[in-house]
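*Asks:* Quick one, what's the 3D model for this:
(one chain, ligands or ions: 1)
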Amino acid sequence: MRLLVLGGTRFLGRAVAAEAVRRGHDVVCAARGESGAVPEGATLVKVDRGADDGLVALAGERFDAAVDVATISYPWVRRALDALRDQVGHWTFISSISVYSDFSARPTGVGDPVLPPREEQVDSIAASKDDPDAYGSIKVASENAVRAAFGDRALIVRAGLITGPDDLHDRFGYWPARMVRGGRVVVPDADISMQYIDVRDLAAWIVDSGENGTGGTFDAAGPAVPLRGLLRGIADAVGGEVELVPVSPEKLAELKINPWAGPRSLPLWLPESHRWMGGRDMAPALAAGLTPRALVDAVAGALAHERALGLDRERRAGLTAEEEAEILAAL
Ligand SMILES: NC(=O)c1ccc[n+]([C@@H]2O[C@H](COP(=O)([O-])OP(=O)(O)OC[C@H]3O[C@@H](n4cnc5c(N)ncnc54)[C@H](OP(=O)(O)O)[C@@H]3O)[C@@H](O)[C@H]2O)c1
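*Replies:* Residues are numbered from 1 along each chain as shown. The predicted structure is shown next:
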């Protein structure tokens, strides 16, 4: 097939392009080419989605399928649909489970209430930190536009936490990187579940779906697993000599340790308000062919990436050695 990836120069978009090339497809990546190189065998067509006529380089091109990774811009999505809808057979939009409006209630499926749509653009996820609903609301508006344009030829992928090679968010990767250092490891004593998906598995399913013309809206990650068991599994997978030291959410809050992500955090630990964020029903995506690899493989990929970046680098998420020592001393 001829596949268009709107993106393709980093992480998920790049993994989709790489998987499609590996299968022998003709792959065009449309991006500025500033975030990185497209995979070997794919073609970069330079576009600027920030400009009204920024997709002109794709005029007249035909594609069997397209994948759009637009993170947090409705205008990018709108412009791409307006410019390309008559040139593309099947359209995949990468959305997020952040579209849901309430993570304190047990989920029932993709029909759960979502945030109000916002036809806006924000410069980056980081820039949206003071407006936590912006990301999900812009994804909702983007999803609606894609469904309206492509109907049952639209695939909406509401991804959960994406992990693996080239992940720059530092969340999942914190744990294998920390476990491999060994010693006493502070872990959240939280009775919650978590879900993740290796970027290579998500990419393979997205390419499958373009090949098969799969339509619909799916939550997309692996099955929910208890966070305690996941962290133990990561420790076992890296084979580090560790003692996991569970610390209660109350104590972590008292010490001003942040949940989920960012500096001074314990990544993947969700606060009570988000208890069900890692408990969505992935059965429909698994039935539609999403195949998560074993934890040991996902950890190996994440750890190789962590080592390539440097285990002692300044991280975007997690605890420094000093912060962890401070917590241990306070117990
Ligand atoms: N990470 C997670 O855990 C997670 C979870 C749920 C959902 N998601 C979703 O998964 C997707 C991740 O996408 P991704 O990994 O491929 O990375 P990304 O960071 O969304 O990639 C952005 C792409 O857009 C291109 N781009 C940036 N500015 C551009 C411009 N002005 N014109 C044209 N292209 C431009 C970039 O290439 P150039 O810079 O080379 O132009 C890059 O290829 C996003 O939709 C995200 O919301 C992620």
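*Asks:* what's in contact with the helix or strand harbouring I197?
*Replies:* Assigned by DSSP states H and E, I197 belongs to strand 196-198. Residues outside strand 196-198 that contact it (C-beta atoms under 8 Å, 6 or more residues apart in numbering) are 159-164, 172, 220-222, 268, 290, 292-293, 297-298, 301. Just so you know, the C-beta spots here come from the backbone N, C-alpha and C atoms, and that holds for glycine as well.
*Asks:* same question, stretch 264-275
*Replies:* 103-104, 161, 170-172, 174-175, 186-188, 190, 192, 194, 196, 227, 230-231, 249, 252, 256-261, 277-278, 317-319, 323.
*Asks:* Mind checking which of those are in strands?
*Replies:* 161, 186-188, 194, 196, 258-260 (DSSP state E).
*Asks:* Format these as JSON lines; extra columns: pLDDT, distance to L244 and neighbour count.
*Replies:* Formatted as JSON lines, the ones in strands among the contacts of stretch 264-275 follow (pLDDT from 0 to 100; distance: C-beta to C-beta, whole Å; neighbours: other C-beta atoms under 10 Å):
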{"residue": "L161", "pLDDT": "98", "distance to L244": "20", "neighbour count": "22"}
{"residue": "V186", "pLDDT": "98", "distance to L244": "8", "neighbour count": "23"}
{"residue": "V187", "pLDDT": "98", "distance to L244": "5", "neighbour count": "22"}
{"residue": "P188", "pLDDT": "98", "distance to L244": "10", "neighbour count": "22"}
{"residue": "M194", "pLDDT": "97", "distance to L244": "15", "neighbour count": "24"}
{"residue": "Y196", "pLDDT": "98", "distance to L244": "19", "neighbour count": "22"}
{"residue": "N258", "pLDDT": "97", "distance to L244": "20", "neighbour count": "17"}
{"residue": "P259", "pLDDT": "96", "distance to L244": "18", "neighbour count": "20"}
{"residue": "W260", "pLDDT": "95", "distance to L244": "19", "neighbour count": "16"}
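*Asks:* Can you flag the buried ones in the contacts of strand 196-198?
*Replies:* 159-164, 172, 220-222, 268, 290, 292-293, 298, 301 (16 or more other C-beta atoms under 10 Å).
*Asks:* I'd like to know if stretch 75-95 reaches the ligand anywhere along the stretch.
*Replies:* Yes - counting by C-beta under 6 Å from any ligand atom, the ligand has neighbours in stretch 75-95: I94.
*Asks:* now could you export just the CA positions of that stretch as PDB?
*Replies:* Output of stretch 75-95 as PDB, limited to C-alpha atoms (Å, rounded to 0.1, in the frame of the first residue of the first chain):
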ATOM      1  CA  PRO A  75      -6.100  23.400  13.000                       C
ATOM      2  CA  TRP A  76      -3.400  20.900  11.900                       C
ATOM      3  CA  VAL A  77      -6.100  18.200  11.700                       C
ATOM      4  CA  ARG A  78      -8.700  20.300  10.000                       C
ATOM      5  CA  ARG A  79      -6.200  21.500   7.400                       C
ATOM      6  CA  ALA A  80      -5.000  18.000   6.600                       C
ATOM      7  CA  LEU A  81      -8.500  16.700   6.200                       C
ATOM      8  CA  ASP A  82      -9.500  19.600   4.000                       C
ATOM      9  CA  ALA A  83      -6.500  19.200   1.800                       C
ATOM     10  CA  LEU A  84      -6.300  15.400   1.600                       C
ATOM     11  CA  ARG A  85      -9.600  13.800   2.200                       C
ATOM     12  CA  ASP A  86     -10.200  13.000  -1.500                       C
ATOM     13  CA  GLN A  87      -6.700  11.600  -1.900                       C
ATOM     14  CA  VAL A  88      -6.700   9.100   0.900                       C
ATOM     15  CA  GLY A  89      -8.600   5.800   1.400                       C
ATOM     16  CA  HIS A  90      -8.300   5.200   5.100                       C
ATOM     17  CA  TRP A  91      -7.400   7.600   7.900                       C
ATOM     18  CA  THR A  92      -6.000   6.900  11.300                       C
ATOM     19  CA  PHE A  93      -5.900   9.600  14.000                       C
ATOM     20  CA  ILE A  94      -3.800   9.100  17.000                       C
ATOM     21  CA  SER A  95      -5.800  10.300  20.000                       C
END
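*Asks:* Next, the buried residues of it.
*Replies:* Buried residues in stretch 75-95 (16+ other C-beta under 10 Å): 75-81, 83-84, 88, 90-95.
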